[in-house]
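A.B. asks: Provided below are the primary sequence and the corresponding predicted coordinates.
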Amino acid sequence: MTPEPAAGSCAGLFVQVGSVGSLDNARRVSGRLDEDGRTVRMAEKDREDRLRYRVQVGPVDTRSAAEAMAQRLAEDHDLPGYIVEP
């Protein structure tokens, strides 16, 4: 999976479950979720001259669907997340 720029071109809401400094770590988290049948994207973000890789699941259409997905990700994968808009 290749990271995309952080500025989103995809409509909907995402649940961000990680922001890591290593592409390998981002791919590891992404792979676990992908194996579970989740739609995952990685977004690059340059922050204070340090590149971060954000792992996000989605998109979903409604906030209630995003909240439910965040709860399932926390329960099933021990990945607390928060809702983000593209």
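C.D. replies: All right, it came through fine.

A.B. asks: tell me the contacts of Ala74?
C.D. replies: Residues near Ala74 by C-beta atoms under 8 Å, 6 or more residues apart in numbering: 80-81. Placement of C-beta: from N, CA and C, glycine included.

A.B. asks: hmm, 6 Å instead?
C.D. replies: Ala74 makes contact with Pro80 under the criterion C-beta atoms under 6 Å, 6 or more residues apart in numbering.

A.B. asks: Pull out the buried residues from whatever helix or strand it lives in.
C.D. replies: For Ala74, the host element (DSSP states H and E) is helix 63-77. For helix 63-77, burial by neighbour count (16 or more other C-beta atoms under 10 Å) applies to 65-66, 69-70, 73, 77.

A.B. asks: Sort these by pLDDT and name the bottom one.
C.D. replies: Lowest pLDDT within these is found at His77 (93).

A.B. asks: Compute the distance between that one and Gln71, please.
C.D. replies: His77 sits 11 Å away from Gln71, going by C-beta to C-beta, to the nearest Å.

A.B. asks: cool, and Asp49?
C.D. replies: Applying C-beta to C-beta to Asp49 and Gln71 gives a distance of 35 Å.

A.B. asks: Next: Arg27.
C.D. replies: Distance from Arg27 to Gln71, by C-beta to C-beta: 25 Å.

A.B. asks: For the residue nearest to the spatial centre of the chain, give me the backbone phi and psi.
C.D. replies: With distances taken as C-alpha atoms, centre = their mean, the residue of the chain nearest its centroid is Gln56 (1.0 Å). Torsion angles at Gln56 (phi, psi; degrees, to the nearest 10) stand at phi -130, psi 140.

A.B. asks: Quick check: beta-bridge partners of it?
C.D. replies: With DSSP bridges applied, Gln56 shows beta-bridge pairing to Gln16, Arg41.

A.B. asks: residues contacting it?
C.D. replies: 14, 16, 41.
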